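*Asks:* Turn this into a model:
(2 chains)
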Amino acid sequence: MGISDRKKSIDVSVNINLDFNEEIRPNNFIVENNFKSGFFVSRKKSGNIIAGSKLNVEGQGIFTVKGGDNINITKHFPKPTPVSDGLKPTPTPTPTNTPTNTQTPSITPTNTQTPSITPTNTVTPTPTNTVTPTKTPTPTITTSALPITNPEAFAYASQVIAAGGSIDYTTALALDTLFNDLQGNNTQAGPTFYSVLEGFYPMLGLTSATQAINANGNDAADLNIFGGWTFNSMGMKGNGINSVVNISRIYGLFSPYDLQNTHFSIYGTLPYNTPSNRADLALIDSSTPNMDGRISLNDLNFGAGDEAYYEYNVNTTGPVYAPLGSGSFVVMSNDGTYTYSYQNGNSLSTFSESPVLYNTPIIYLGLSRFSSVGVISTNRYGWVSFGGFMSSADMGNYQTIVNTFMTSIGRNTY
Amino acid sequence: MEETLINMKVAILTTEQKDILNKQEVCTKLTFNPVQDVNEGWVISEVEVNECVTPEFMWVKDLVLSDWMGPYIPPTISEGEI
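*Replies:* Reported below is the predicted structural model:
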């Protein structure tokens, strides 16, 4: 009998039901070559073998011989391997499934990670929500962190920030200095420069909302901005089509001398613009074609080269020529008898002029004398002011203060 | 020297659109200012179109832009007056 034959018989025996509850019974008497012996278990035990008999379990590889009275039992087992192989198929798959189950749990942690993504998604909106409040604190943080000790400067910076602008550290320092200088220096007539200024416009921030702000806190004199102005760190620039600004400060007819003891200033921050043959700053009654005063930067219409005008009583006295480039900072002022002017820190001229109102003008920037259309300035402005009288000496000091500020924030042209 | 005018774009308006937009808010502290071009047509500038955030006027962003051809000059204007 070969091993292969035994294997085949093993397949058969696998199908045998093992009943461990079955009562153990002795083997029947076995007759050699009689394979219809008893239960398998009985065979394995092979007990109660009558002396001198042989137990041969075909397929189980058990061959037992019991000797004589000495009970000398000799068992001959076939190669264990076939037996093991025969038993393997059943138990082996079980441990094989076990590793498979082991992998399954390892998937579970993976699934555990997946839900952890959900919390991550939950976290994501949190930063988003954090961003929103961040916008709100920005003005607060920026304002509180600014190195500004002057209360009016702080108020102005806060206004700019509240309108959506930002004030960097350098600009904050420059503002503090500017307000301290304006409040700490007096005109020859006595009042401080700050008191003389009815309106002044540093034009900070990058939008109409921030550059329109009157820095002395009187929002009734904020700039009213119309049309296609563009805004950047240098100020506001006209488009030559419909860009217009006015200030709701009416110089009334009821006060014939309302234009006396006044000053106007404008700082053109971008040289070499298209010449405007009207006015960069003008006193105009929109219902009439007349102007009561103006500063025209880079006006080519009234003289050779880059000549322009500063004057009161445009329609009654001859224009005053002055080489006002578009990058100029010009201040003109009148005390009722004389008109004084300064450009870029230097006195231009003084001439006799007593302003008389022919209209009820307001202040316009970059507009032709007709309030709707005409030749519109394309100059860029970085500073405008209006208010009370400044002497020549005052205007010199005033220009020094303002140009120091403009230099600090990188806007100066001289 | 004339670069600004050469490159400027405007949006052409009907008279009704001009009346609707006139002196209305483009955004904070900026107001529409329709003007007449050389052909007497009403226009607003590209800047106003781009900057507009007022919900009821967002239709201006659908207007066709064209080159600015220069302003309408009323015949009564005399340079000598100023």
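
*Asks:* only C-alpha atoms for contact and neighbour calcs from this point on.
*Replies:* Fine.

*Asks:* low-scoring pLDDT stretches of the stretch 301-414 of chain A, where are they?
*Replies:* A:301-308, A:314-323, A:326, A:367-375 (pLDDT under 70).

*Asks:* ugh, wrong one, chain B
*Replies:* In chain B (pLDDT under 70), the answer is B:1-6, B:76-82.

*Asks:* need the strands for it, in chain order.
*Replies:* B:9-13, B:25-27, B:30-31, B:35-36, B:42-45, B:65-67 (DSSP state E).

*Asks:* Those strands: which one's closest to chain A?
*Replies:* Smallest distance to chain A across the strands of chain B (C-alpha to the nearest C-alpha): 4.6 Å, for strand B:30-31.

*Asks:* Find the nearest non-adjacent residue to A:Tyr156, please.
*Replies:* Spatial nearest neighbour of A:Tyr156, chain neighbours left out: A:Ala215 (5.5 Å); criterion: C-alpha to C-alpha, 6 or more residues apart in numbering or on different chains.

*Asks:* wait, that neighbour sits on A:Leu197?
*Replies:* No: with contact defined as C-alpha atoms under 8 Å, A:Ala215 does not reach A:Leu197; the gap is 9.7 Å.

*Asks:* Would you mind telling me which of these two has the busier surroundings?
*Replies:* A:Ala215 (27 against 19; other C-alpha atoms under 10 Å in any protein chain shown).

*Asks:* Would you mind pulling the contact partners of the one helix or strand A:Ser333 maps to?
*Replies:* Under the criterion of DSSP states H and E, A:Ser333 resides in strand A:329-334. Contacts of strand A:329-334 with the rest of the structure, by C-alpha atoms under 8 Å, 6 or more residues apart in numbering or on different chains, involve A:259-268, A:295, A:310-311, A:324, A:339-344, A:353-355, A:389-391, A:395, A:399.

*Asks:* and the next element down the chain from it?
*Replies:* Assigned by DSSP H and E, the successor of strand A:329-334 is strand A:338-343.

*Asks:* Switch the strands of chain B over to CSV, and while doing so, append mean neighbour count to every line.
*Replies:* What follows is the strands of chain B, written out as CSV (neighbours: other C-alpha atoms under 10 Å in any protein chain shown):
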stretch, mean neighbour count
strand B:9-13, 22
strand B:25-27, 20
strand B:30-31, 25
strand B:35-36, 24
strand B:42-45, 26
strand B:65-67, 15
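
*Asks:* Identify the bridge partners of A:Leu281.
*Replies:* Following DSSP bridges, A:Leu281 is listed with bridge partners A:Ile295, A:Leu365.

*Asks:* Which residues are in contact with it?
*Replies:* By C-alpha under 8 Å, 6+ apart, the neighbours of A:Leu281 are A:Ile266, A:Arg294, A:Ile295, A:Ser296, A:Ile363, A:Tyr364, A:Leu365, A:Gly366, A:Leu367.

*Asks:* where does the stretch 1-150 of chain A dip in pLDDT?
*Replies:* Ranges of the stretch 1-150 of chain A meeting pLDDT under 70: A:1-144.

*Asks:* now the helices: where do they sit in the chain?
*Replies:* Here I'm looking at chain A. Applying DSSP state H to chain A gives helices spanning A:3-14, A:40-45, A:80-87, A:93-123, A:125-135, A:137-145, A:151-162, A:169-184, A:193-196, A:208-211, A:392-408.

*Asks:* my bad, the chain I had in mind was chain B
*Replies:* So, for chain B - with DSSP H - the helices run B:3-7, B:15-21, B:46-51.

*Asks:* Show me the contact partners of the second one.
*Replies:* Outside helix B:15-21, the residues within contact range by C-alpha under 8 Å, 6+ apart are B:Phe32, B:Asn33, B:Pro34, B:Trp42, B:Val43, B:Phe57.

*Asks:* restrict the residues you listed to those near chain A?
*Replies:* B:Phe32, B:Asn33, B:Pro34 (C-alpha under 8 Å from any C-alpha of the partner chain).

*Asks:* quick one: which of those is most hemmed in?
*Replies:* Neighbour max across the ones next to chain A among the contacts of helix B:15-21 (other C-alpha under 10 Å) = B:Pro34, 31 neighbours.

*Asks:* Skip the chain neighbours and tell me the closest residue to it.
*Replies:* Once flanking residues are discounted, B:Pro34 sits nearest to B:Ile44: 4.8 Å by C-alpha to C-alpha, 6+ apart.

*Asks:* just A:Gln343 next, same as before
*Replies:* Per C-alpha to C-alpha, 6+ apart, closest to A:Gln343 is A:Val330, 4.5 Å.
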